[in-house]
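S.K.: Quick check, what structure comes out for this input:
(one chain, ligands or ions: 1)
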Amino acid sequence: MREFQLGKSKEGVLEMIPERRIKKVMLGEREVAILRLKEKIYAFEPFCPHRGASLLTAFTNAQEEIICPLHQYRFDLKTGQVRSGYCRDMEVYPCTLNEEGLTIQIP
Ligand code: FES
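M.R.: Below is the predicted model:
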């Protein structure tokens, strides 16, 4: 497990990651998608586990799900569990946002 720190303050992170716009970052060797909904941050794999569509233009809903733009499969942003469709779960990475910034844990 590796830990990556982004930003130096909570305010800095909230400014750096606009709400509802999915950003891709490189953490070590891994591409990771980051999404902010209000003050909650989610990190997950940037490609859909179904057929590999980019999730950077995916939608979200009020149930904290991400909806793939290609076939509309839905995944739980907190756990990665597939909620509609038939494929493996999406990889999600634990995030902690506090006064020191954002920490993301990558396996
Ligand atoms: S590629 Fe994402 S649902 Fe099919």
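S.K.: Tell me the bridge partners for the residue nearest the centre of the chain.
M.R.: Central residue of the chain (Cα atoms, centre = their mean): Ala43, 2.8 Å from the mean position. With DSSP bridges as the criterion, Ala43 is bridged to Ile34, Tyr93.
S.K.: do you know how far it is from Gln72?
M.R.: Ala43 sits 22 Å away from Gln72, taking Cβ to Cβ, to the nearest Å as the criterion. For glycine as for every other residue, the C-beta is placed from the backbone atoms N, C-alpha and C.
S.K.: Then Lys40?
M.R.: Distance, Lys40 to Gln72, by Cβ to Cβ: 23 Å.
S.K.: can you give me the helices for the protein?
M.R.: 10-16 (DSSP state H).
S.K.: where does it have low pLDDT?
M.R.: Filtered on pLDDT under 70, the chain yields no residues whatsoever.
S.K.: can we see that at 90?
M.R.: 1 (pLDDT under 90).
S.K.: tell me which parts of it are close to the ligand?
M.R.: Those residues of the chain that sit near the ligand, judged by Cβ under 6 Å from any ligand atom, are Cys48, His50, Arg51, Ala53, Cys68, Leu70, His71, Tyr73, Gly85.
S.K.: Highest neighbour count among those?
M.R.: Ranked by neighbour count (other Cβ atoms under 10 Å), the residues of the chain next to the ligand have Cys68 at the top, with 25 neighbours.
S.K.: ok, for it, nearest residue in space, not its chain neighbours?
M.R.: Nearest residue to Cys68 in three dimensions, chain neighbours excluded: Cys48, at 4.4 Å (Cβ to Cβ, 6 or more residues apart in numbering).
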